[in-house]
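Participant: would you be able to build a 3D model of this:
(one chain, ligands or ions: 1)
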Amino acid sequence: MTRTVYVNGDYLPETEAKVSIFDRAFLMGDGVYEVTSVLGGKLIDFAGHAKRLQRSLDELDMPAPCTMDELLEIHRELVKINEIDEGMVYLQVTRGAPDDRDFVFPDPETVKPTLVLFTQSKPGLADSPAAKKGIKVISIEDVRWGRRDIKTVQLLYPSMGKMMAKKAGADDAWMVEDGFVTEGTSNNAYFIKGNKIVTRALSNDILHGITRAAVLRFAREAQMEVEERNFTIEEAQQADEAFITSASTFVMPVVEIDGVSLGGGTPGPRAARLREIYLDESRKAAI
Ligand code: PDD
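Facilitator: Presented below is the predicted three-dimensional model:
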């Protein structure tokens, strides 16, 4: 079935959607994005994603293409038209398409931002077999730029990281800088020791995950201790459990780090419970 996508005010079949070759995201990686998950045909934590989008735009001095209320309407319309029950909505805003290539930002008065949204149907996203098995990660050096808190479309190194993981027979990679884990290629990274969850503190070094914020809140409500600090691969390898979070994986148990098994190689009870709580609470608050 041909998807209906959204481009600059129009709902179009995906085959008819077009963006200029001079678009700043195509030439310069000058764009930001959000991925919002859909469960039961409803959006999970739209407010969080809208807020982070606004922050990304502000940090890059990029004009917003429309109001956040209008964005919500476009998300809902696409979910409805494409009959998405479980899956994601991808949104991208770029600095637009000037009439030539130039490093200097175009005048926002004459060049309007490009806005693109499309849906991805993922039946069984919540009841994922991977969540029952857990995933294996390897560690790689973090060589990304210094503003990882801005959700830009510059995803070449994360893509390379996923390929390195695949080549090594693993599912994903955790990135390490100055000896400490920053985050996963497209997710935040955690380990659990006893009743304590450890994850890197928020800074420009990592993306401020929307799922991270919710999961840490639920963990504290469930009387778990949360410590936001630097940690090494070796410390995570000695943990009871480990997991990642993102809008597309929710809470996903990690059962192996650089070839070292955790919890006998099967997902532990705490990560599984956090996933359950996250899914239950998110479904209740979905819009
Ligand atoms: N990735 N860290 C990085 C580098 C990410 O790319 C993501 C999200 C996260 C988790 O953020 P959130 O919980 O808000 O999804 C952390 C999305 C899902 C992606 O690129 O597809």
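Participant: tell me the spacing between Phe231 and the ligand.
Facilitator: Distance check for Phe231 against the ligand: by C-beta to the nearest ligand atom, to the nearest Å, it reads 16 Å. Heads up, the C-betas are built off the backbone N, CA and C, glycines and all.
Participant: within its sheet, name the partner strands of whatever helix or strand Val116 lives in and how each one runs.
Facilitator: In the assignment (DSSP states H and E), Val116 maps to strand 114-121. Partner strands for strand 114-121, per DSSP bridges, with pairing direction: strand 4-7 (antiparallel), strand 87-94 (antiparallel).
Participant: what's next to the helix or strand following it, contact-wise?
Facilitator: Once strand 114-121 ends, the next helix or strand along the chain (criterion: DSSP H and E) is helix 129-133. With contact meaning C-beta atoms under 8 Å, 6 or more residues apart in numbering, helix 129-133 is reached by Asp171, Thr249, Phe250, Val251, Met252, Pro253, Val255, Thr266, Pro267, Ala272, Arg275.
Participant: now with 7 Å, please.
Facilitator: Met252, Pro253, Pro267, Arg275 (C-beta atoms under 7 Å, 6 or more residues apart in numbering).
Participant: picking that back up, winner for burial among the strands paired with strand 114-121?
Facilitator: The highest mean neighbour count among the strands paired with strand 114-121, using mean count of other C-beta atoms under 10 Å, belongs to strand 87-94: a mean of 22.
Participant: and the strands paired with strand 114-121 as a markdown table, adding mean pLDDT?
Facilitator: Listed next are the strands paired with strand 114-121 as a markdown table, based on pLDDT from 0 to 100:
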| stretch | mean pLDDT |
| --- | --- |
| strand 4-7 | 98 |
| strand 87-94 | 98 |
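Participant: closest one to the ligand among the ones you listed?
Facilitator: strand 87-94 (7.7 Å; C-beta to the nearest ligand atom).
Participant: close to the ligand: what parts of the chain are there?
Facilitator: By C-beta under 6 Å from any ligand atom, the residues of the chain that approach the ligand are 35, 183, 186-188, 207, 209-212, 245-248.
Participant: go through those and flag which are in helices.
Facilitator: Ile210, Thr211, Arg212 (DSSP state H).
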